[in-house]
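Visitor: fold the stuff below for me.
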Amino acid sequence: MKEQKNKLFVSCDEAKYICDKSQYSESTFWERLQLKMRYAYCHITRAYVKRNKKLSELIQDQQVTCMDATKKADLKIKFTKELQNK
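Guide: Numbers count the residues shown, from 1 in each chain. As a prediction, the model looks like this:
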């Protein structure tokens, strides 16, 4: 017999997927409602949403500076030398 899927309550994995879609404005109203229902009673979903929002804010901040390629190469050489010394 085929198991009937509940349309209002979603699993944690489905909620995570909807959360990711919501951040890029790709979720439907129904999906957002399902996420809010799951969010209300699931501490794992709340933690995921919180971490996901924080990560998105950090990425949008755009004050992230990357290491210059030459400095990165120099650091890699120094790191390799230190590993060989031990």
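Visitor: distance of the residue most central in space within the chain from residue 66?
Guide: The centroid of the chain falls nearest to residue 52 when counting by Cα atoms, centre = their mean (4.4 Å). Distance of residue 52 to residue 66, computed by Cβ to Cβ, to the nearest Å: 23 Å. Placement of C-beta: from N, CA and C, glycine included.
Visitor: and residue 19, by the same measure?
Guide: With the distance defined as Cβ to Cβ, residue 19 ends up 27 Å from residue 66.
Visitor: so between these two, which is more surrounded?
Guide: The neighbour count for residue 19 versus residue 66, taken as other Cβ atoms under 10 Å, is higher for residue 19 (21 against 7).
Visitor: only the buried residues of the longest helix belonging to the chain, if you could.
Guide: Using DSSP state H to assign secondary structure, the helix with the most residues in the chain is helix 43-61. Under the neighbour-count criterion of 16 or more other Cβ atoms under 10 Å, helix 43-61 has 45, 48-49 buried.
Visitor: how far off centre is it?
Guide: 6 Å (Cα atoms, centre = their mean, to the nearest Å).
Visitor: where in this protein is pLDDT low?
Guide: Judged by pLDDT under 70, the chain has its weakly predicted residues at 1-6, 64, 86.
Visitor: could you pull out the helices in it for me?
Guide: With DSSP H, the ranges of helices along the chain come out as 12-23, 29-41, 43-61, 69-85.
Visitor: so which elements touch the last one?
Guide: When contacts are defined as 3 or more Cβ pairs under 8 Å, 6 or more residues apart in numbering; DSSP states H and E, helix 69-85 sits against none of the other helices and strands.
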